[in-house]
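J.: coordinates for the following, if possible.
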Amino acid sequence: MKIARFRTGDGPVRLGRVDGDTLTDISDVPGVGTSLRALLPDLPLLRDAVLAADGARHALADVVLEAPVDDPQKYLGIGMNYAAHAEEARQAGIPVPETQMWFNKQVSCIVGPFADVERPAVSEQLDYEVELAVVIGRRCRHVSRAEAPGVIGGYMVANDVSVRDWLAKRSPTFTLGKSFDTHGPLGPWLTTADEVPDPHDLELSLTVNGEERQRARTDDLIHDVYEQIAYLSTVMTLMPGDVLATGTPAGIGAPTQRWLKPGDVVRATVEGLGSIENTIVDAP
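T.: Residues are numbered from 1 along each chain as shown. Next comes the predicted model:
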């Protein structure tokens, strides 16, 4: 099942079930409401009612899609987690971590799947990173690798937009260089975990103005999705709606210094999950 947050015109944000090119409003189903983060823990019990919902129907082309989860407690990303990307970084002189290297993206960076992405006035080193995003479905702690599939609510496409010089020189923890406003496009909707039988067998790709820059499969992950959840939940309680960006493959702009500039259109795709597309604009 695919669940989107959407609005029509200037109306309020609602939840909808996506079926092909059509979206059916499910917000009036008892227990559903308008927050996907709040819905996630109860979704297994409400699943049949959501599938049977016959609310107002809209063509996807007629609605504005918002980030499926816009208010997670945590948005975490992992660095250099694809083998080819780690080698790319090593050749560029960047040390490759021996363990999982996590950083925060502040949740205020989250925007919708087709929202503009701002190039900040303080840098021209704006870069892209297509990623498989995991959304946690229920509160959990000390999750083993074997238990990890059971705590995943679903998956999305993410572009972990990065400001490289702020990563390297002004914020060694990565937090600031990963957290500029608008640098967290997510979507286009949440695909529930039951529709993704193997998250380690998906193709990712990214284009800039139609030119392919990244293409890889998730079987190149160094630390797979389940290992990531086990590692993180050793430290912290993961909450429903928490977003984990699981790493980006080779082909980012940094090694060639091909930075994003205003007017560029970046399209990121994950097999079976859809595509997000964002236009680069100058920050106001």
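
J.: lowest-pLDDT helix or strand in this protein?
T.: Across the helices and strands of the chain, the lowest-confidence element by mean pLDDT, DSSP states H and E is helix 83-91, at a mean of 82.

J.: who are the packing partners of that one?
T.: With contacts defined as 3 or more C-beta pairs under 8 Å, 6 or more residues apart in numbering; DSSP states H and E, helix 83-91 has no helix or strand neighbours. C-beta here means a position set from N, CA and C on the backbone, and glycine is covered the same way.

J.: gap between the helix or strand following it and the chain center?
T.: Sequence-wise, the next helix or strand downstream of helix 83-91 (DSSP states H and E) is strand 102-104. Computed by C-alpha atoms, centre = their mean, to the nearest Å, the chain-centroid distance of strand 102-104 equals 14 Å.

J.: please identify the buried residues of strand 102-104?
T.: For strand 102-104, the neighbour count (16 or more other C-beta atoms under 10 Å) marks 102, 103 as buried.

J.: give the next helix or strand downstream of that strand.
T.: Next along from strand 102-104, by DSSP H and E: strand 110-111.

J.: show me the protein divided up by domain.
T.: As recorded under the TED database, the domains making up the chain are 2-65, 75-282.

J.: would you mind finding the most buried of those?
T.: When those are scored by mean count of other C-beta atoms under 10 Å, the highest mean neighbour count falls to domain 75-282 (a mean of 19).

J.: now the helices: where do they sit in the stretch 1-150 of the chain?
T.: Assigned helices in the stretch 1-150 of the chain, in chain order: 36-39, 43-52, 83-91 (criterion: DSSP state H, counting those that start in this stretch).

J.: what does the shortest one contact?
T.: Read it as helix 36-39. Helix 36-39 has contacts (C-beta atoms under 8 Å, 6 or more residues apart in numbering) with 3, 5, 15, 31-33, 46, 68-69, 71-72, 190, 240-241.

J.: quick one: which of those residues is nearest to residue 25?
T.: Comparing the contacts of helix 36-39 against residue 25 with C-beta to C-beta places residue 15 closest, at 7.5 Å.

J.: looking at it, the closest one is touching residue 3, isn't it?
T.: Yes: with contacts counted by C-beta atoms under 8 Å, residue 15 reaches residue 3, the gap being 6.1 Å.

J.: so residue 215 lies in a strand, does it not?
T.: Yes: assessed by DSSP: H, G, I helix; E, B strand; the rest coil, residue 215 belongs to a strand.

J.: so it touches residue 248, yeah?
T.: No: the pair residue 215 / residue 248 is not scored as a contact, 11.7 Å apart, by C-beta under 8 Å.
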